[in-house]
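Student: dropping the sequence and predicted coords here.
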Amino acid sequence: MRTVTAALAVLIALPLTSAQATFAQSTPAVAHAFVFADLSLDAAEAAAVGASPDLAGADGRVAQSRAALAAARAGIAPALVSSYAQVPQGNPPGPNIISRQLTTGLQLMVGDFVSYAPAVREAAFTLAATEADRGTALAIERVKVVGLYYDALKARAVANARRDALGLASAQYRAARLRARAGDAPQLDVLRADVAVARATADLELATAADANATEALRSETGASPSALIATTETALIAQDATLTDPTIAVARARAHRPELRATTVAIDAARAATRSARAAGFPLLTVGGGYLVGTDGGVPVHAPSITTQLTLPLSRANRDRVAIAAAKVTEAQAKAIGIDRQIALDVAASARTLGATERAAQATTRARQSADAERRALELGYRNGASSSLELESARALYAQTVVDELGARYDVEKARATLTIEVGS
């Protein structure tokens, strides 16, 4: 990454080109950041959504709810019934007479009319709830990918910075040895430079492992090829909506757009519809059938329409208990809605505060890097003139290297917080 190299090149007072000086002269309002050249954030989100087992499960539940709604809508259709009876009848002293009857017609349960509308309404609300739950799962997956994406970029930037720091520390060590051999510097400077190389090596080892772990986590979540996560490229940042850092405004937006809240509303409606369905199921069961009978009775041909009715009166209180269960589920859904609303308000307000804090922290890291740069330059000048010790110089260089890493990390923390909050408010 060119800007990282440019930032750390000044550790040993190397001249900077105008292009390399961009990072070192950056203002608190950073205008650019790096992204993966072959995997944009949108592409990463799309790939993760397609590969998410949680979303696949949510899709399955939506499909079940759609099928249940279709079944509820078809519940009012009459049934085609047909019956055949063959009964021997006495005919003394002659042979028995066989009575044969074939009846074909339609049958309808009157109770189906009573329960039809509540059942369909319940199924429709259940479908809406599962679709809203699917939206919630989608938001969770997007937030997860945003975190993995920017964590991977941050780890990559830190690893590159540590790698450059080791290269520059090694160059400083070689320069110290040459100065010591020429008698221009004490052997102590060589030892201190060697310590700096050892520390830079340790930092690079840890940063390299963190880079590999973060990259693998992103690759696993998105299913991207390893080659897609190698190159990075500079990109302009999305303009920040300043109102998002206001917790009150952010929570209001979330309440207007979050799918979880829509899910709780339809869940309450579905529970109420289930209560009405349970009450309808308690009505006496009346079955009416009608058709046309063809056959023989007592050896006489029979051709006539027929009608049958059957009334069933339940004697148990089981349906009353089912109504009580459904009513209790309404109370449960209402309590759940209150809990979800409270949690969303807490989470979104916290994310809004975090975004504001990370932005201010990023500005502070820029000021820290600029101050550390000024201190390092002053000590380099003092060291060349004999006014500063090598210990002071190494300490200033190490501090500057750390402030560069901190500024890089803060840049990606801001982007991560911004993207996360944007998703959390339902955008």
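Tutor: Structure received.

Student: show the pLDDT at N213.
Tutor: pLDDT recorded at N213 is 96.

Student: do K336 as well
Tutor: Value for K336, per-residue pLDDT: 84.

Student: before we move on, what about the one 4 residues further on?
Tutor: At I340, the model reports a pLDDT of 84.

Student: which strands and helices lie in contact with the strand or helix carrying it?
Tutor: Using DSSP states H and E, I340 falls within helix 318-384. Secondary-structure packing of helix 318-384 (3 or more CB pairs under 8 Å, 6 or more residues apart in numbering; DSSP states H and E): helix 247-257, helix 259-281, helix 390-424. Placement of C-beta: from N, CA and C, glycine included.

Student: so for L127, which of these sits nearest?
Tutor: With distances scored as CB to CB, the stretch of the helices and strands packed on helix 318-384 nearest to L127 is helix 259-281 (8.6 Å).

Student: pull the closest one out as CSV, backbone CA atoms only.
Tutor: Presented in CSV, the C-alpha positions along helix 259-281 are these (Å, rounded to 0.1, in the frame of the first residue of the first chain):
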residue,chain,number,x,y,z
PRO,A,259,-37.7,-5.2,10.2
GLU,A,260,-37.7,-6.6,13.8
LEU,A,261,-40.3,-4.0,14.9
ARG,A,262,-42.5,-4.8,11.9
ALA,A,263,-42.1,-8.5,12.8
THR,A,264,-43.4,-7.9,16.3
THR,A,265,-46.4,-6.0,15.0
VAL,A,266,-47.5,-8.7,12.7
ALA,A,267,-46.7,-11.3,15.3
ILE,A,268,-49.2,-9.7,17.7
ASP,A,269,-51.8,-9.6,14.9
ALA,A,270,-51.1,-13.2,14.1
ALA,A,271,-51.6,-14.2,17.8
ARG,A,272,-54.9,-12.3,17.9
ALA,A,273,-56.0,-14.1,14.7
ALA,A,274,-55.0,-17.4,16.2
THR,A,275,-57.2,-16.6,19.2
ARG,A,276,-60.2,-16.0,16.9
SER,A,277,-59.4,-19.2,15.1
ALA,A,278,-59.4,-21.1,18.4
ARG,A,279,-62.8,-19.6,19.3
ALA,A,280,-64.2,-20.6,15.9
ALA,A,281,-63.0,-24.1,16.3
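
Student: contact partners of that helix?
Tutor: 111, 114-115, 118-119, 121-122, 125-126, 128-129, 132-136, 138-139, 255, 319, 322-323, 325-327, 329-330, 332-334, 336-337, 340-341, 344, 426 (CB atoms under 8 Å, 6 or more residues apart in numbering).

Student: that helix to helix 318-384, inter-axis angle?
Tutor: 170 degrees (axes from the mean of the first three to the mean of the last three CA atoms, to 10 degrees).

Student: can you get me the centre-to-centre distance for helix 259-281 and its chain?
Tutor: 26 Å (CA atoms, centre = their mean, to the nearest Å).

Student: before we move on, back to that, lowest average pLDDT across the helices and strands packed on helix 318-384?
Tutor: Taking the mean pLDDT of the helices and strands packed on helix 318-384, helix 259-281 comes last: a mean of 77.

Student: could you check the angle that helix makes with helix 247-257?
Tutor: Using the same axes, to 10 degrees: helix 259-281 against helix 247-257 is 40 degrees.

Student: thought A345 was touching V251?
Tutor: Yes. The pair A345 / V251 is scored as a contact, 4.9 Å apart, by CB atoms under 8 Å.

Student: if we can go back for a sec, wait, which of the helices and strands packed on helix 318-384 is closest to Y173?
Tutor: helix 390-424 (10.6 Å).

Student: just to revisit the earlier point, so what angle separates the directions of the helix holding I340 and helix 390-424?
Tutor: Using the same axes, to 10 degrees: helix 318-384 against helix 390-424 is 150 degrees.

Student: tell me where the stretch 101-250 of the chain has helices.
Tutor: For the stretch 101-250 of the chain, the helices defined by DSSP state H, counting those that start in this stretch occupy 110-181, 187-222, 247-257.

Student: most tightly surrounded among those helices?
Tutor: helix 110-181 (a mean of 20; mean count of other CB atoms under 10 Å).

Student: quick one: that one to helix 318-384, angle?
Tutor: Using the same axes, to 10 degrees: helix 110-181 against helix 318-384 is 10 degrees.

Student: which helices and strands does helix 110-181 pack with?
Tutor: Partner elements for helix 110-181 (3+ CB pairs under 8 Å, 6+ apart): helix 2-9, strand 32-36, helix 41-51, helix 53-73, helix 187-222, helix 259-281, strand 285-297, helix 390-424.

Student: out of those, nearest to T104?
Tutor: strand 285-297 (5.1 Å).

Student: tell me the mean pLDDT for that closest one?
Tutor: Here the average pLDDT along strand 285-297 is 65.
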